[in-house]
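Novice: dropping the sequence and predicted coords here.
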Amino acid sequence: MANTELETKPSTAVDPHDEPSAEWGWHGGFPKATQAAGWFSVFACLIMLYGNHQGILSGGDGFKTADMWLIGIALALAIGLVHDVRRRRTAWRR
């Protein structure tokens, strides 16, 4: 007769005291979705430069504070995303 109980995991399993979510299941990340959402956010920040305010791309006479913030946030996001890709590629070397 077949046993209906689940086998126990080996001793190398995650201790629930270290990571409480291990008790109820998987607790990983979504690296591809995170990258996609991040690059969409960069694109959204840059597309907001063309809008109904009087910034450089909207027919204004120069940069406005909002333009500088949008460019700065988009740049910071892009740098973070590139750093994340590099960190994930070289993680196996450490």
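Specialist: That came through, no problem. Keep in mind that what you see is a predicted model, and the values were worked out from it rather than measured. Numbering: from 1, shown residues only.
Novice: residue 84: which element?
Specialist: Residue 84 is part of helix 65-89, with elements assigned from DSSP states H and E.
Novice: that helix - contacts with which helices or strands?
Specialist: On a contact count with 3 or more Cβ pairs under 8 Å, 6 or more residues apart in numbering; DSSP states H and E, helix 65-89 meets helix 31-47. C-beta coordinates here come from the backbone N, C-alpha and C atoms, glycine included.
Novice: let me know the average pLDDT across the helix it packs on.
Specialist: For helix 31-47, mean pLDDT rounds to 93.
Novice: where does the prediction get shaky in this structure?
Specialist: Along the chain, segments meeting pLDDT under 70 span 1-27, 52-60, 62, 93-94.
Novice: re earlier: could you check the angle the helix holding residue 84 makes with helix 31-47?
Specialist: 160 degrees (axes from the mean of the first three to the mean of the last three Cα atoms, to 10 degrees).
Novice: check which residues of helix 65-89 are buried.
Specialist: Across helix 65-89, burial judged by 16 or more other Cβ atoms under 10 Å covers 67, 70, 74, 77-78, 81.
Novice: of these, closest to residue 41?
Specialist: Among those, residue 77 lies closest to residue 41 (Cβ to Cβ), at 5.7 Å.
Novice: around the closest residue to that closest one other than its chain neighbours, how many other residues sit close by?
Specialist: Distances taken as Cβ to Cβ, 6 or more residues apart in numbering place residue 42 nearest to residue 77, at 4.9 Å, with adjacent residues excluded. Residue 42 sits with 18 neighbouring residues when counted by other Cβ atoms under 10 Å.
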